[in-house]
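> Just to be clear, the model below is a prediction. Sequence and coordinates:
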Amino acid sequence: MRPAPGAVHVPGWLTPDQQRELVAACRGWASGPVPIRHTRLPRGGVMSVQTVCIGWHWQPYTYTRTAGDVNGRRVAGFPDWMVGLGRRALADAYEDPAAGDGYTPDTALINFYDGQAKLGMHQDKDEQSGDPVVSLSIGDTCVFRFGNTESRNRPYTDIELASGDLFVFGGPSRFAYHGVPRVLPGTGDPATGLASGRLNITMRVTGLKG
Ligand code: MD3
Ligand code: FE
């Protein structure tokens, strides 16, 4: 499904085995050198979503190697196997075996949503690169709100993202407003290793060096 130019939704892209392996990997990162936490925003808010980063640490609104807002430690590295997964995601989403060639994501934000968590409408513009964002969802289904590039308001489209779904945001959709107004508790399969809640992994290219 292509809800907008450059945006592609591939339901059920991850196999059950891949979902289990990703849950296990994310659990390791969540208790790694920089533990998962509710991000504090510079204006005083605290996000209801919990986030752990790999490759680069996202601290609103910048990327750093060390987590100055958590414990000052360097985040875990971005693994080569995840670069491969990102390339296969682009090839499959754009139905072009070469679409992932040269795609080298260097950071991922791993978001965990409990039944109450939500994410307000925002743009992702802290990356110095227009390369696509690859999003993988595991666990409870959510309502994902995909908007426009002009403002956080209508027009937008609400789409359900379920466990195993791939979403790629490239081209003009890369800088569109988007958010997660709610998750639908009890919709996930505990066989993924997630007893409840929703996990979302977004791979990105920061465009930073070092
Ligand atoms: C569209 N995450 O981490 S994934 C985020 O489900 C974020 O946790 C949501 O928004 C989540 O920034 C949505 C889908 C997504 C991610 C990044 C995008 C859509 C995007 C960047 C540009 C355009
Ligand atoms: Fe985002």
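Ah, there it is. Numbering: from 1, shown residues only. Ligands and ions are numbered 1, 2, ... in the order given.

> Every contact and neighbour count from this point should use C-alpha atoms.
Noted.

> could you point out the longest strand in this protein?
strand 46-54 (DSSP state E).

> can that strand be found next to ligand 1?
No - using Cα under 6 Å from any ligand atom, strand 46-54 never reaches ligand 1; the gap is at least 8.0 Å.

> So that it lines up with my notes, have the first residue be 6 from now on.
Yes, from this point I'll number from 6; that puts the last item at strand 51-59.

> and the residue of the chain found nearest ligand 1, helix, strand or coil?
For the chain, the residue closest to ligand 1 is R179, as judged by Cα to the nearest ligand atom, at 4.2 Å. Three-state assignment for R179 (DSSP: H, G, I helix; E, B strand; the rest coil): helix.

> which ones are touching it?
Counting by Cα atoms under 8 Å, 6 or more residues apart in numbering, R179 touches G11, A12, D129, G135, D136, P137, V138.

> rerun that using 10 Å as the cut-off
Neighbour list for R179: 10-12, 128-130, 134-138, 154, 173 [criterion: Cα atoms under 10 Å, 6 or more residues apart in numbering].

> Ok, A30 next?
A30 neighbours (Cα under 10 Å, 6+ apart): Q24.

> Next, work out how far apart it and L204 are.
Using Cα to Cα, to the nearest Å, A30 is found at 12 Å from L204.

> repeat for R157
23 Å.

> Comparing these two, which residue is more hemmed in?
L204 (24 against 18; other Cα atoms under 10 Å).

> Under a three-state scheme, what state does that one occupy?
Secondary structure state of L204, per three-state DSSP, is strand.
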